[in-house]
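>>> Fold the following for me, if possible:
(2 chains)
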Amino acid sequence: MDSSALNSADLQRFIEQEKQKAMVNEMVAKLTDVCWDKCITGTPGSKFSSGETTCLTYCAQRYMDMSMMIMKRFQSMQ
Amino acid sequence: MDSFSSPSSGSSTSQPSPEVFMDQLKTQLAQAYAEEFLETVRGKCFTKCVTKPGSSLSGGESSCVSRCVDRYIEATGIISRALFSSPR
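Numbering: from 1, shown residues only, chains lettered A, B, ... in the order given. Next up is the predicted model:
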């Protein structure tokens, strides 16, 4: 079958970009899921408390730190 | 890279043009993302707000759900900013 149109460089770049975007979306969704459970313990109010906002921010950043740490840990085992 | 080679709604054998294909892919990705997001929000807000299901959603439960949805969207923004636009 003729797939020359689908192999154009533009299209490859487009797919690469969309993949990247999907990964970012996935990560934000996952972290929101996890950090919501950790930080929002009461019933949701009409506004986040500053404690909740800070907790969400730290939660996301520490998760990334941790995941980096775990990656390094595994790399050092090989 | 031929896993994208069958157009979902195209007629017979013709390939969609790259532009059409890109648009379709974008739309489908956005739909998939929205569905996943909705499903997550449903789960979270049901857990938070409907703790003892009664014969109908009470006023309190409904307003809890509204706030919960708003906060979950806000939380998504906070997480996104924490990862990508705040100084580490």
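>>> From residue A:56, how far off is the residue lying closest to residue B:74 once chain neighbours are set aside?
In space, and not counting its chain neighbours, residue B:74 is closest to residue A:48: 6.5 Å by C-beta to C-beta, 6 or more residues apart in numbering or on different chains. C-betas here are computed from N, CA, C, even on glycine. Residue A:48 sits at a distance of 8 Å from residue A:56 (criterion: C-beta to C-beta, to the nearest Å).
>>> same check, this time on residue B:20
40 Å.
>>> The two: which is more packed in?
Per other C-beta atoms under 10 Å in any protein chain shown, whichever of residue B:20 and residue A:56 has more neighbours is residue A:56, with 26 against 13.
>>> Can you show me the CA trace of stretch B:26-46 as PDB?
Taking C-alpha atoms only, stretch B:26-46 is exported to PDB below (Å, rounded to 0.1, in the frame of the first residue of the first chain):
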ATOM      1  CA  LYS B  26      -5.900  15.300  17.600                       C
ATOM      2  CA  THR B  27      -9.600  15.000  18.100                       C
ATOM      3  CA  GLN B  28      -9.400  11.400  19.100                       C
ATOM      4  CA  LEU B  29      -6.600  12.100  21.600                       C
ATOM      5  CA  ALA B  30      -8.500  15.000  23.100                       C
ATOM      6  CA  GLN B  31     -11.600  12.800  23.400                       C
ATOM      7  CA  ALA B  32      -9.700  10.000  25.100                       C
ATOM      8  CA  TYR B  33      -8.100  12.400  27.500                       C
ATOM      9  CA  ALA B  34     -11.400  14.000  28.400                       C
ATOM     10  CA  GLU B  35     -13.000  10.600  29.000                       C
ATOM     11  CA  GLU B  36     -10.200   9.500  31.200                       C
ATOM     12  CA  PHE B  37     -10.400  12.800  33.100                       C
ATOM     13  CA  LEU B  38     -14.100  12.500  33.600                       C
ATOM     14  CA  GLU B  39     -13.800   9.000  34.800                       C
ATOM     15  CA  THR B  40     -11.200  10.000  37.400                       C
ATOM     16  CA  VAL B  41     -13.300  13.000  38.600                       C
ATOM     17  CA  ARG B  42     -16.400  10.800  38.900                       C
ATOM     18  CA  GLY B  43     -14.500   8.400  41.100                       C
ATOM     19  CA  LYS B  44     -12.900  11.000  43.300                       C
ATOM     20  CA  CYS B  45     -16.000  13.000  43.800                       C
ATOM     21  CA  PHE B  46     -18.200  10.000  44.400                       C
END
